[in-house]
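Undergrad: Quick one, structure for this:
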Amino acid sequence: ELYDLGLRFPEFPDYDPNKKPYKQQRDIIKKFMNAVINDEQGKHRLSDSNAKFLGLSDQELREIVFARHPVFRLAVKTDTGLHLQFLDSEIAEKVILELMPQGIQALPVHDSFLVRQDFLPQLTAAMLKAFDEVMGAKTKLKPE
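TA: Just a heads-up that it's a prediction; the model follows:
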């Protein structure tokens, strides 16, 4: 899990990413990491309320993110976020164009696709193929 930085609350020893406070923690970290990777000017800062909730300063959270995901340090103050969004759109386009000749309509929704349940195998194959073509790598999917 990209957004699990290993932060734990002592008062909640049983980690469950679907329950408060960990869901709230994940949401804060996700927003922070996405803001950092899309901040070409380097001006984004963790809000005071989020810093208080996490028990970390902006700089401390950055260092934890960079230690856990060193590639993020390379993305600071670059157009990496825009480039990744472009790659994502290329993958989505390839998926849609792969399915259209098969008579399958796929509705892109954020980072997912909606298709009829019986078309899930074709969607899965199209997504894996498109990812490999654009990224030059294999990936795993979480069908939902």
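
Undergrad: and Leu54, what does it touch?
TA: By CB atoms under 8 Å, 6 or more residues apart in numbering, Leu54 lies in contact with 7, 25, 28-29, 46, 61. Just so you know, the C-beta spots here come from the backbone N, C-alpha and C atoms, and that holds for glycine as well.

Undergrad: For the nearest residue to Ala92 once chain neighbours are set aside, grab phi and psi.
TA: Sequence neighbours aside, Pro108 is the residue nearest to Ala92 in space, at 5.0 Å (criterion: CB to CB, 6 or more residues apart in numbering). Dihedral pair for Pro108: phi -70, psi 130, per degrees, to the nearest 10.

Undergrad: again, but for His110
TA: Backbone geometry at His110, expressed as degrees, to the nearest 10, gives phi 50, psi -110.

Undergrad: What's the local residue count around it?
TA: 6 (other CB atoms under 10 Å).

Undergrad: Renumber starting at 188 from here on
TA: Done: numbering now begins at 188, and the last item shifts to His297.

Undergrad: was I right about Val265 contacting Glu227?
TA: Careful, residue 265 is Thr and not Val. Yes: between Thr265 and Glu227 there is a contact at 6.8 Å, judged by CB atoms under 8 Å.

Undergrad: His231 and His297, how far apart?
TA: 21 Å (CB to CB, to the nearest Å).

Undergrad: try Phe318
TA: Taking CB to CB, one finds Phe318 at 16 Å from His297.

Undergrad: wait, Tyr209 sits on Tyr202?
TA: Yes: contact between Tyr209 and Tyr202 holds when scored by CB under 8 Å: they sit 6.2 Å apart.

Undergrad: Same drill for these two, tell me which one is more crowded.
TA: Using other CB under 10 Å as the criterion, Tyr209 and Tyr202 rank with Tyr209 on top: 18 against 12.

Undergrad: Tell me how far the more buried one lies from Leu189.
TA: On the measure of CB to CB, Tyr209 and Leu189 end up 14 Å apart.
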